[in-house]
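Undergrad: Mind looking at a prediction? Sequence and model below.
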Amino acid sequence: SPMLEVGLEADECWVLSRVYYYYCMRTAKCRRACQEHQFIDGRCWWKFPYLVPLCECLRPKCAPPTTLDP
């Protein structure tokens, strides 16, 4: 998808959100924006050469396995 771009040194699970919530000032807002676009989580991510934290979204295929209660 042209909307998403993999960040520098990012693994295949986390992708930079360049459209819905680019600069990450609040983790909760980043997480909500990601979840509204079918991702399972969001986080603030910062690395040189970026001057501000960016919002990364976690792809659904990378969801941690859910534990089922017996």
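TA: Now that the structure is in, tell me what you want to look at. Numbers count the residues shown, from 1 in each chain.

Undergrad: Helix, strand or coil: sort out the residue most central in space within the chain for me.
TA: Centroid-nearest residue in the chain: residue 57, 1.5 Å away (criterion: CA atoms, centre = their mean). Under DSSP: H, G, I helix; E, B strand; the rest coil, residue 57 falls in the strand class.

Undergrad: Okay, and the beta partners of it?
TA: Counting by DSSP bridges, residue 57 forms beta bridges with residue 15, residue 42.

Undergrad: And for stretch 24-34, what's in contact with it?
TA: For stretch 24-34, the external contacting residues (CB atoms under 8 Å, 6 or more residues apart in numbering) are 17, 20-21, 40-45, 52-58. For glycine as for every other residue, the C-beta is placed from the backbone atoms N, C-alpha and C.

Undergrad: Now tell me which of those residues the prediction trusts least.
TA: Among the contacts of stretch 24-34, residue 20 has the lowest pLDDT, at 64.

Undergrad: how about residue 34, phi and psi?
TA: phi -70, psi -50 (degrees, to the nearest 10).

Undergrad: Next one: it from residue 16, what distance?
TA: Plainly put, residue 34 is 11 Å away from residue 16 if you go by CB to CB, to the nearest Å.
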